[in-house]
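Visitor: Quick one: sequence and predicted model below, then my questions.
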Amino acid sequence: MKQKIPFLFLISICFSFDVAAQKKIPVNGYLKDAKTGEELIGATILVKENNAGVLSNEYGYYSISLLPGKYTLICQYIGYESQTKTIDLTEPIKLSFEMVPVGKELKEVNVTAERKDENVKRNEMSVNRLDIKTISKIPALLGEVDLVRSIQLLPGVSTVGEGASGFNVRGGSIDQNMILLDEAPVYNSSHLFGIFSVFNPDAVKDVKLYKGGINAKYGGRLSSILDVRLKEGNKKEFAAQGGIGIIFSRLTLEGPLYKDKGSFIVAGRRSYGDVLAAPFLMNNPDFKGLKLYFYDLTMKANYSIGQKDKLFISGYLGRDVFGVDEFGFNWGNATLTTRWNHLFSNKLFSNTTAFYSNYDYGIGASVIGSRDGFNWTSSIINYSIKQDFTWYLNNKNTLNLGGQAIYYTFKPGKATFKSEGAEQRIELADKYALENALYISNEQTINSRWSLTYGLRFSSYHYLGKGVRQNYTDSFTIFGRELESTDSFYTLESIQTYPNLEPRLSVKYEIDAASSIKASYMRTAQYLHLISNTAASIPLDVWTPSTNNIKPQLSDQVALGYFRNFGAADDYETSVEVYYKSMQNQIDYIDGADLLLNPFLEGQLLNGKGRAYGAEFYVKKNTGKLTGFISYTIARTERQVERVNNNEWYPTRFDKLHNLNIIGSYELSSRWTLNGNLIYGSGTPVNLPSNKFIFEGFGVPHNPNAPRNNVRIPDFLRVDITASVKSKPHNKPQELPKSFFKRMKYTYEWEIVFGVYNLLGRRNPFAVYPRIAENSNYVTEMVQFSMFAFPIPAFTYNFKF
Amino acid sequence: MKKSTLYLVMMMSIGLFNACIDPIDVDAGEGESQYVIEGMIVYDPEDPNKLIKDTIKISRSVPYLFNGEPERVINATVAIIDTAGGAVNIDICNHVGNGNYITTTTVPQPNRSYILLVRLPEGDTLISQSRINRPVIFHPDSFYTRVLTDRASGPGGAIPEGVGYVEMKPIDPAGLGDSYRLKYYVKRNPVAENPYLKKDGTNWKFYNDLKNFYVVSESTSGENSPNAQIEIESSFNFPLRYAINFVEEGDGGTAFTPSFYPGDSIKVEVYSVTREQLFFYVRLKQELTNGTGGGFSGLFAAPVGNVPSNILPLNPNSKVRVLGWFGAAHKITRRAKMVDFKF
């Protein structure tokens, strides 16, 4: 009964604000790209006569209700020409917009108009949206556009350093980010140890990073949601694009299916480090059977069944493989998402999602033909079903409600050792869990100045059998807590349950047409934990569920922001946000904890709390030949964990006081563009010994104060530049030879990107650590590890036809 | 695992990327200097009268970047107490210089506990206790030499074709709670054509120090052993087959050390130690090898932590803190000699 009260309360509020809703007539439809037929997410539909507005949802759908009469509807979207349609509304209308991408000559005028007030007027705060056009202008390592590395430049987002996988959002660890690829979670977003991400930019349509004020429809992670939506494929014509780079090449094919009823896209990438290295290593027996590559394949197809139903299927398959005949490791993600969009009425949009996600990783060694070796594997598998409804109650209220169930299977480790052909297996027992959630959320416009988004998410988590509940002592030995007893549970029997209510609230007050103040509060719960004891996320990091010994992570975050645009045509978009976040049940480890293949790991974990606070400043220039943005974050993130740092607060490994990113792009001509960026960050803290003692002749590091992260490494500074030149625009499509594709016409466009990464050649430290000097047991030194220590040239050839 | 190969593989995989490791000056502060104790009581069935005395070393910790000799503590009083057998035997150790104290009357016996008492020059008294655990079992045929006839027949692929190596198959006694540290030594055949003679000399050379040592504990697998040892280094069930040739990484690539030559002698010592002592060794190795290996090893460095100690002030209110370990062990020694073979 208690759970029904918020729901009824929300419904009654929604209706109370617009009692005349029944008299209004709905106008609904889809917003699409006129050239490709792609649905456009987050486009604005404005009613000129009464200033009402609505945004298209994740599937490009919108619905707005108006009293009978004549109206002018204006559709706006970043990078597209505004479109205006006049209607005489006497009965429900389906009105779809096909938006035309802006041409060069229109860009300076229309892009400005389209972005007008967007930053100020939206309810959302702490949200960054990146389109591929913006990402592609950022100078990239080896010229390869990368989504995650671009996200790391946004305010409130940081990384430990080059070589670290993932990213940290507002003081959260990397496992606190939910990375969704068409709604399926991706557990390791890294290729090549974080140097590239798993997202093929050619297949990505929309990227949104939620750092705070997250809508109740999202959950499962404490710090952020990175919602990556794939393109649906060109509905109008077959097309191809790709690129040839130093490290990898990529190719994307897309086209219509069944006469405009559907479309598909297939995008693949493959690195060729092994191919390039082979001639140099062919005579070295240590590199026999060299395997050095990653690949990924991203696919999506959709099909419309009538006016009210649409089916989607999308998938991702990727893997990194490193090794030689005798030793190697690999990891990979696989996701499969099916979705069904259904319009129950003009006002009720439904999306049903089912997905599968599998992340597996392994390490192995063997000798070909021998009877010795070992192999270790681990994985996490999810199955989920999710139902979302968007209910356009009236022009002042849009209700989102739904639920989700995720079933997890954790395979924490299975190892096989062979000696003289005799096989020895060590397998940690699988763990199972079920995570459920129900949510309801309303976006409500109170008047022309005030608007609210409020909601509630109820999540419940069940640690399930078949399994064993381990009960540990409260006291510690040098090994951690000792196992006291165990209890066995049958299949699907509940071992431990955790329910959590997660309220969410965002408020916006418009000061005037060019400025607004926003505030938000959110509670989030996370039931998964990444067991990692290194600064970088590595393939051997283990995901583990909450158990009776590992409690769910909880977070409360409040944020306040001021948003203002400047210039006659909103040339400058600015914002300032401050936040404070507190976190509970943060995991740490005893010194020397054994993280792999340890069935008693839970006894070696420590429990603590965290806090993070900071201010984020953002300035973006949208118009003119020079465009770009500056983001600056001043922040702190700390933990307090029992038995660590004498139980006092200490900075996390990813604590950066200052984080400054300047990104600029200058259009030299219609074909040439110069891009540059400057990235500065304060040094992150590391744990260093102040003393050493001699034991068996070795100098053993030691710190009598037993601190955690007591020394800051030097600051980070990097400058990158690229220049790009593209082909002359083809006004007339070329015609292929008749023997090919039966008179198919095409236009061929190319782009060459070249530049230098780390132009200053600065040896930015990733880590500082102590070690024993070479050829000595006692002489010790401190060393700095730098990932990209010298200028690295970049070159990529991109094509499209 | 050949770390150098792994890191080189990773470096090659990202082509032009260029990681580097540079020594730097970092001020990590200077912590209070603490007493350090290193000592072990050893029962050796080959030395029943304890002709070789056990040594307790006492020194002080120094700043991490200070690379001179640490201060040795010479004015302490050190005693080993054996409480078994119905009588209390207190052995006051002799200081033989340089902070080294040797036992006088203690003749360690299997399955007994020993107490260490140290009275420091300032007056504080330190105490620790350790136990000699049961030994590993070697059957007569469980330690032998072999010569590889082809690369594939080597254990783990670590040894190239044509190199002699030594294997052992010790047996773990029934029941849980056993942990072992392995030490091995090589004495080269003093003939002119032995290529390793110049490097190693003709005396016993200790090959697997703290950075390269091997420890073994029983498997942790299975629900029947919830209190088993922390799994370290290897989870093979006994009988265990080990080759004691180890991989050596150097600037010139990977070599196999020691490579045995006809006439070389090999000696292995297996110390049965307590679970806590084994954990101490593992922690030492973790800290000594953390982030080493060159290349990208810095990416995988774990946070530096303090290794534990089992030595405490007798007075719980004392402010003295102590580093190091007082251990006890049952030592089993086996020897072998490489037979003639042809490369």
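Guide: Done, it's in. Residues are numbered from 1 along each chain as shown, chains lettered A, B, ... in the order given.
Visitor: Can you report how many residues lie near A:Trp425?
Guide: In this structure residue A:425 is Arg, not Trp. By other C-beta atoms under 10 Å in any protein chain shown, 12 other residues sit near A:Arg425. Every residue, glycine included, has its C-beta placed from N, CA and C.
Visitor: Distance check, the closest residue in space to A:Tyr472 that isn't next to it in sequence against chain B.
Guide: Among residues not flanking A:Tyr472 along the chain, A:Arg481 sits closest, at 3.8 Å (C-beta to C-beta, 6 or more residues apart in numbering or on different chains). When distance is defined by C-beta to the nearest C-beta, to the nearest Å, A:Arg481 is 12 Å away from chain B.
Visitor: Now do the phi/psi pair for A:Arg481.
Guide: Main-chain dihedrals, A:Arg481, degrees, to the nearest 10: phi -80, psi 140.
Visitor: Please name the bridge partners of it.
Guide: A:Phe476 (DSSP bridges).
Visitor: so it sits right up against A:Asn607, yeah?
Guide: No: between A:Arg481 and A:Asn607 there is no contact under C-beta atoms under 8 Å: 10.9 Å.
Visitor: of the two, who's got more company?
Guide: Neighbour tally, A:Arg481 and A:Asn607, criterion other C-beta under 10 Å: the higher count belongs to A:Arg481, 21 against 15.
Visitor: which residues touch that one?
Guide: Applying C-beta atoms under 8 Å, 6 or more residues apart in numbering or on different chains, we find A:Arg481 in contact with A:Tyr472, A:Thr473, A:Asp474, A:Ser475, A:Gly603, A:Gln604.
Visitor: Drop anything exposed from these.
Guide: Among the contacts of A:Arg481, those classed as buried by 16 or more other C-beta atoms under 10 Å in any protein chain shown are A:Tyr472, A:Gly603, A:Gln604.
Visitor: and of those, the nearest to chain B?
Guide: Relative to chain B, the closest of the buried ones among the contacts of A:Arg481 is A:Gln604; by C-beta to the nearest C-beta it sits at 8.6 Å.
Visitor: Would you map the strands across the stretch 101-250 of chain A?
Guide: For the stretch 101-250 of chain A, strands defined by DSSP state E, counting those that start in this stretch occupy the ranges A:127-130, A:157-158, A:168-169, A:177-181, A:184-185, A:190-191, A:196-197, A:204-210, A:224-230, A:239-245, A:248-257.
Visitor: Mean pLDDT for those - can I get that in CSV?
Guide: Shown next, in CSV, are the strands of the stretch 101-250 of chain A (pLDDT from 0 to 100):
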stretch, mean pLDDT
strand A:127-130, 84
strand A:157-158, 93
strand A:168-169, 94
strand A:177-181, 94
strand A:184-185, 92
strand A:190-191, 84
strand A:196-197, 86
strand A:204-210, 90
strand A:224-230, 93
strand A:239-245, 89
strand A:248-257, 91
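Visitor: mind checking which of those is nearest B:Met168?
Guide: Nearest to B:Met168 among the strands of the stretch 101-250 of chain A is strand A:190-191 (41.8 Å), distances taken as C-beta to C-beta.
Visitor: partners of the closest one in the sheet?
Guide: strand A:196-197 (antiparallel).
Visitor: So which of the buried ones among the contacts of A:Arg481 sit within strands?
Guide: Per DSSP state E, strands hold the following members of the buried ones among the contacts of A:Arg481: A:Tyr472.
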